[in-house]
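> Next input, structure requested:
(2 chains)
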Amino acid sequence: MASNVEEFVQLEPTVKNVVEQTSLRWIFVGGKGGVGKTTCSCSLAVQLALVRETVLIISTDPAHNISDAFDQKFSKVPNKVKGFENLFAMEIDPNVGFNELPDDYFEGESNFWRANRGLMQEIFGAFPGIDEAMSYVEVMKLVQGMNFSVVVFDTAPTGHTLRLLAFPSVVEKGLSKLLRLKSQIGPFINQISGLIGMSSINTDIFSNRLEEMLPIIQQINEQFKDPNRTTFVCVCIAEFLSLYETERLVQELSKSNIDTHNIIVNQLLLNAPKTSSGETCGLCAARKKLQAKYLDQIADLYEDFHVTRLPLLDREVRGVEQVKNFSENLLKPYSSK
Amino acid sequence: MFTFWMVALFMLIGSLLPNIVKWSTDFIFKVTDEEKRIREEFKELRKELAGISAVDEFAHYARTQRKMNKLDEQIQALGQSRMDDRESIKWKFTKTIQIINGAVLVYLAVTQRYEPVLTGLSDWFWPLNIVLSYPTGIEGALSIVFWLFICNNACRALIK
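Got it, this is the predicted structure:
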């Protein structure tokens, strides 16, 4: 068969590939601020809910946009989204530290811990990121325990996302070292505290938690690097800086061996509107031209990605109905009629 | 006189050892041709990148940047492996020479402890000459033990 080198098969411009890949368990949706991540992640979750058994959408963005998008208050535990049977949503603030955890979290532990919570908080504060990391792990434990078929992460717009994704491998190394240290130093500390006469500090509680975390972290690490289980969907807009950031994101993801093969370009002026006098809006036409330039660049650079185009509408996408309607565009290229 | 020069020589080698090792390993572990080629390519790409407008030709810019990143990774990997090999050889070489050196000096010190390294010092170093000739018992002699001591300090001072 003659191989036609010139023939260029463009990948389907929808996220159908994500929705149809039933082995996927973790889907991250990310991109630098203001591009429409939450709208896209909610839309994606809605489409997934049509084909998968149970879907959970988690937001790690402290700004809590999912509540705005679905017009419903969500909390730190999964709640069903009104209007759906199998779609759940959850908002976690990764900055919630030890001192904000409810009292019953410390039930069963020695008074030493409770009384010194402030001190513990400071100690944790000394290790940047560990606070965030530990609550992140607690979330993962919870989520894994609940067995959702697929989890969509609406990630925070800062660099935290990449850090958190790369986190499992870093922590795996760090934790195993910490645990080795613990087994060496632990008995020593216990002896000293006995000598001084303090009630035993019980380092075991802390180290038990660490030991519990390690296998979960290892599991997470493995799953995130498996392209059959995890994928990252990049959302951007057709402007230079967003494009630049998207390229950076894609490179970082490849370096961390996390699969990504979908890009959503949002807020596109797909049909230049006409003014009341029948003329085409000049500003919109100019913007459309500008966007077209970047769209070409995207098509050129990301030829092995699915590039989905989403329209800029004349109203905000808020509320379950609007999200449902908007989500159709993820599977069917938009055309206003 | 033999002992005199032997001790001096070995002490000198011991003190100069780091420099000798560095110089010889530099010579052995030169930058390979492949690494040179990759570095040249990287420089070319960097020049190319400077000429591309990111705003107008983002795809071209990004592709060039990607190539550069790959080359950079290769350079780092090659450099790192070369560095690792070199450090390990350096360490082994240094330790070997130090052990041999030490062994020879100890041997000399022990076998030659009653032999004077130099004689005729009574007039110059009084009252130290009694101490300096300690193990030998010969008046006006410089024993090997103190000669070692003197050489050691002299070499250290020389290196600085």
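
> Now for the chain, the helix or strand with the poorest mean pLDDT.
No chain was given, so I picked chain A. Comparing helices and strands within chain A by mean pLDDT, DSSP states H and E singles out helix A:111-115 as the least confident, with a mean of 51.

> not what I meant, chain B
Quick look at chain B via mean pLDDT, DSSP H and E: least confident is helix B:128-132, a mean of 69.

> residue closest to the middle of chain B?
The centroid of chain B falls nearest to residue B:18 when counting by Cα atoms, centre = their mean (1.7 Å).

> for the residue of chain B positioned farthest from its centre, helix, strand, or coil?
Relative to the average C-alpha location in chain B, and by Cα atoms, centre = their mean, no residue lies farther out than residue B:56, which sits at 53.2 Å. Assigned by DSSP: H, G, I helix; E, B strand; the rest coil, the conformation of residue B:56 is coil.

> Show me which residues of the stretch 201-337 of chain A are close to chain B?
Contact residues of the stretch 201-337 of chain A with respect to chain B, defined by Cβ under 8 Å from any Cβ of the partner chain, are listed as A:240, A:243-244, A:247, A:251, A:294, A:297-298, A:300-301. In short, each C-beta sits where N, CA and C put it, glycine included.

> Now do the contacts for the closest residue to chain A within chain B.
Proximity of chain B to chain A (Cβ to the nearest Cβ) peaks at residue B:59, 3.9 Å away. Counting by Cβ atoms under 8 Å, 6 or more residues apart in numbering or on different chains, residue B:59 makes contact with A:297-298, A:300-301.

> one more time with 7 Å, if that's ok
The contact partners of residue B:59, by Cβ atoms under 7 Å, 6 or more residues apart in numbering or on different chains, come to A:297, A:300-301.

> same deal with residue A:264?
Counting by Cβ under 7 Å, 6+ apart, residue A:264 makes contact with A:40, A:233, A:235, A:308, A:310.

> Quick one: name the residues of chain B near chain A.
B:55, B:58-59, B:62-63, B:69 (Cβ under 7 Å from any Cβ of the partner chain).

> May I see the residues you listed organised as CSV, with pLDDT added?
CSV is the format used below for the residues of chain B next to chain A (pLDDT from 0 to 100):
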residue, pLDDT
B:55, 86
B:58, 92
B:59, 92
B:62, 94
B:63, 93
B:69, 92
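
> Quickly find the element holding residue B:12.
Taking DSSP states H and E as the criterion, the element that holds residue B:12 is helix B:2-28.

> That helix: what's the following helix or strand?
helix B:33-51.

> mind listing the helices for the stretch 151-300 of chain A?
For the stretch 151-300 of chain A, applying DSSP state H, counting those that start in this stretch gives helices covering A:160-196, A:203-224, A:240-255, A:282-301.

> could you check the angle helix A:282-301 makes with the third one?
Looking back up the chat, that one is helix A:240-255. Computed with axes from the mean of the first three to the mean of the last three Cα atoms, to 10 degrees, the direction of helix A:240-255 lies at 20 degrees from that of helix A:282-301.

> Now do helix A:240-255: everything it contacts.
For helix A:240-255, contacts defined as Cβ under 7 Å, 6+ apart pick out A:30-32, A:35, A:162, A:232, A:234, A:236, A:260, A:263, A:294, A:297-298, B:55, B:58, B:62, B:69.

> Give me the buried subset of these.
Of the members of those, the ones counted as buried by neighbours, 16 or more other Cβ atoms under 10 Å in any protein chain shown, are A:30-32, A:35, A:162, A:232, A:234, A:236, A:260, A:263, A:294, A:297-298, B:58, B:62.

> Can you tell me which of the residues you listed is closest to residue B:110?
Using Cβ to Cβ, residue A:162 is the member of these that lies nearest residue B:110, at 64.6 Å.

> give me the low-pLDDT residue ranges for chain B?
In the predicted model, chain B carries pLDDT under 70 at residues B:120-127, B:129-130, B:133, B:135-141.

> One more pass at 80, please.
Judged against pLDDT under 80, the low-scoring parts of chain B cover residues B:1-8, B:15, B:26-31, B:109, B:111-147, B:159-160.

> quick revisit: output the residues of the stretch 201-337 of chain A next to chain B as CSV; include the columns pLDDT and distance to residue A:217.
Rendered in CSV, the data for those read as follows (pLDDT from 0 to 100; distance: Cβ to Cβ, whole Å):
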residue, pLDDT, distance to residue A:217
A:240, 92, 38
A:243, 93, 34
A:244, 92, 32
A:247, 93, 29
A:251, 90, 25
A:294, 94, 39
A:297, 93, 38
A:298, 94, 35
A:300, 92, 39
A:301, 94, 34
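
> Double-check that the residue of chain B closest to chain A belongs to a helix.
Yes - under the criterion used here (three-state DSSP), residue B:59 sits inside a helix.

> Relative to residue A:305, how far out is it?
Counting by Cβ to Cβ, to the nearest Å, the gap between residue B:59 and residue A:305 amounts to 12 Å.

> same thing with residue B:105?
As defined by Cβ to Cβ, residue B:105 lies at a distance of 69 Å from residue A:305.

> What is the burial count for residue 40?
Let's take chain A. As a burial measure, residue A:40 scores 28 neighbours (other Cβ atoms under 10 Å in any protein chain shown).

> wait, chain B
As a measure of burial, residue B:40 has 11 neighbours, counting by other Cβ under 10 Å.
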